[in-house]
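J.: attaching a predicted model along with its sequence, questions to come.
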Amino acid sequence: MQLNNAQDKRRALTAATLTLLGGGAATTAHAEDPAGTWDIDTAVLVYSESDSRVQAVEPVVKGTYSLGGRRYFTGKLVLDTLTGSSPNGATPASTPQTFSGASGTTGGYTTPAYATPLDDRFKDTRVAAVLDYSFPVSDNGTLGVGVNGSSEYDFLSLGANVRYAHDFFQHNTTLSTGLSFESDTIDPVGGVPFPLAEMAASNSGGGGGGGDNENEDDDDHDGRDDGASDTKTVTDLMLGWTQVLDPYSLFQLNFSLSSSSGYQNDPYKVLSVVGSNGEPLRYVYESRPDSRTKNAVYARYKRLLFDRDIVDVSYRYMTDDWGIDSHTVDLAYRWGFSEHHYVEPHLRWYSQTAADFYRVALYDGEENTVDYASADTRLAQFDAYTAGFKVGSANRRGGDWSARLEWYQQTPTVSGVPDQAAQGLSKFDLQPNLSAVMLTLGYHFKW
């Protein structure tokens, strides 16, 4: 399993699924439902990447129970499974490369010449749950509290959050704030790797290589601290403003601040150390800073057209202290072609710059002169496009179903190539494009 890769995949997939559910427990707004009423959302996401990479199936069930008096209890359960192949961070080579498991002995795999090294043992199963309670504290104020947790065989996450929203001007203006805290425990197979430590010789394919590393314990010859685990904490703050502009439109503006500290590395990612010919001499584990601060601004505009259609456009800008800046533009148009049926085309564009320490590979000896380096393509510069559509219908019994089909294309920009090996590496496809297909099915009903 690629731990952080799996975490980020799951978060992206869950976000896509929850789009169908109308948001998470912490953000869902309710009409005044009678006491004793259940509002049930169900969805399942099927995700498939090209070239037999990550495949995922994620069912989600969320139920909101009305206690009366604007008091609601919400529970959500997520089960997801991921399989397939995931890049391990190494560069291609002109000869086959062989990699073994995290312990240096188990579950090896071989990458053909000139191919991107993919770990075909990538798999994971996660169970996650959310409990949430919201209640009025005044005629115009609502407070919400929640707890959440998720578990898999080498990762445990526990969190809590509190939110407050206050309405002004006859409920036409809403100001909100939220604070959440998450504590993660990472327990990778084989133990936590030492930053920039060399993998065991038995793990090295391609050109092999050797040498001592000062970070490596005498009793640990695979570059890992056997049996060791590590932790990370994440604190998020959100400030929001929602404004009804007129009877047909509204505007939303959010600012968020996220601060994480602790273990930030992916314990299963490596970098190739190459010579001037671009061929791998050895492999070292990645190293990232032990803290990260992200700031984001999000703006959204929705408008009702022709008494039945909805245009929804949003923009998000994010910047962090790792050097990544990103832009996201999202556009959807819901066309109600009959009283109970609609179709919704959707377009999304995302672009980001590379992290300051992103490197395709390290030149021979460079691993001893840098503090941080990662070849994780999620930290690279790339553009991504999502296009698709959603169809939905309401039935006579008060339920409604929907289906969303989307295509994703990621186009990277090659950067972080060591100058001394640039010509040698130019014969390889260092950052191939990635495409994926996503199908989301959902059903909503009251009980």
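T.: Looks like it came in fine. Numbers count the residues shown, from 1 in each chain.
J.: and D309, what does it touch?
T.: 333-336 (Cβ atoms under 8 Å, 6 or more residues apart in numbering). For every residue, glycine as well, the C-beta is placed using N, CA and C.
J.: can you do 6 Å?
T.: Taking Cβ atoms under 6 Å, 6 or more residues apart in numbering as the criterion, D309 is in contact with 335-336.
J.: so, low pLDDT: which residues of the stretch 301-447 of the chain?
T.: Residues of the stretch 301-447 of the chain meeting the criterion pLDDT under 70: 396.
J.: how about the helices of it, start to end?
T.: Residue ranges of the helices in the stretch 301-447 of the chain, as given by DSSP state H, counting those that start in this stretch, are 422-425.
J.: can you map out the strands along it?
T.: 309-320, 325-334, 341-352, 362-363, 381-394, 400-413, 434-446 (DSSP state E, counting those that start in this stretch).
J.: nearest to V130, out of these?
T.: V130 lies closest, by Cβ to Cβ, to one member of the strands of the stretch 301-447 of the chain: strand 434-446, at 17.3 Å.
J.: which non-adjacent residue is nearest A90?
T.: The shortest distance from A90 to any non-neighbouring residue, by Cβ to Cβ, 6 or more residues apart in numbering, is to P117 (4.3 Å).
J.: please tell me how far the one you found sits from N368.
T.: Using Cβ to Cβ, to the nearest Å, one gets 23 Å for the distance from P117 to N368.
J.: between those two, which has more neighbouring residues?
T.: P117 (26 against 13; other Cβ atoms under 10 Å).
J.: state the pLDDT value of the more buried one.
T.: Looking at P117, its pLDDT reads 95.
J.: quick one: the residue nearest to A90 and A355, what's the gap?
T.: 20 Å.
J.: and the gap between G398 and Y298?
T.: Taking Cβ to Cβ as the measure, G398 falls 32 Å from Y298.
J.: surely the residue nearest to A90 touches T111?
T.: Yes: judged on Cβ atoms under 6 Å, P117 makes contact with T111 at a distance of 4.2 Å.
J.: need the overlap of contacts for the two.
T.: Contacts common to P117 and T111, judged by Cβ under 6 Å, 6+ apart, are Q97.
J.: poorly predicted segments of the stretch 1-150 of the chain, please.
T.: 1-31, 101-107.
J.: which residues does whichever strand in the chain runs longest contact?
T.: Looking across the chain with DSSP state E, the single longest strand is strand 118-136. Strand 118-136 is contacted by residues 1-2, 6, 25, 70-88, 107, 109, 142, 144-152 when judged by Cβ under 6 Å, 6+ apart.
J.: who does the next helix or strand after it pair up with?
T.: Moving toward the C-terminus from strand 118-136, the next helix or strand (DSSP states H and E) is strand 141-152. Strand pairing for strand 141-152, using DSSP bridges, gives strand 118-136 (antiparallel), strand 155-168 (antiparallel).
J.: buried ones in strand 141-152?
T.: 142, 144, 146, 148-150, 152 (16 or more other Cβ atoms under 10 Å).
J.: which one of those residues is nearest W241?
T.: T142 (15.4 Å).
J.: doesn't A165 make contact with that closest one?
T.: Yes: contact status for T142 versus A165: in contact at 5.0 Å, counting by Cβ under 6 Å.
J.: now the end-to-end length of stretch 261-280.
T.: Stretch 261-280 has its terminal residues 32 Å apart, counting by Cα to Cα, to the nearest Å.
J.: what about that stretch, average pLDDT?
T.: When pLDDT is averaged along stretch 261-280, the result is 97.
J.: from the chain's centroid, how far away is it?
T.: What separates the centre of stretch 261-280 from the centre of its chain is 21 Å, taken as Cα atoms, centre = their mean, to the nearest Å.
J.: perfect, I'm done here.
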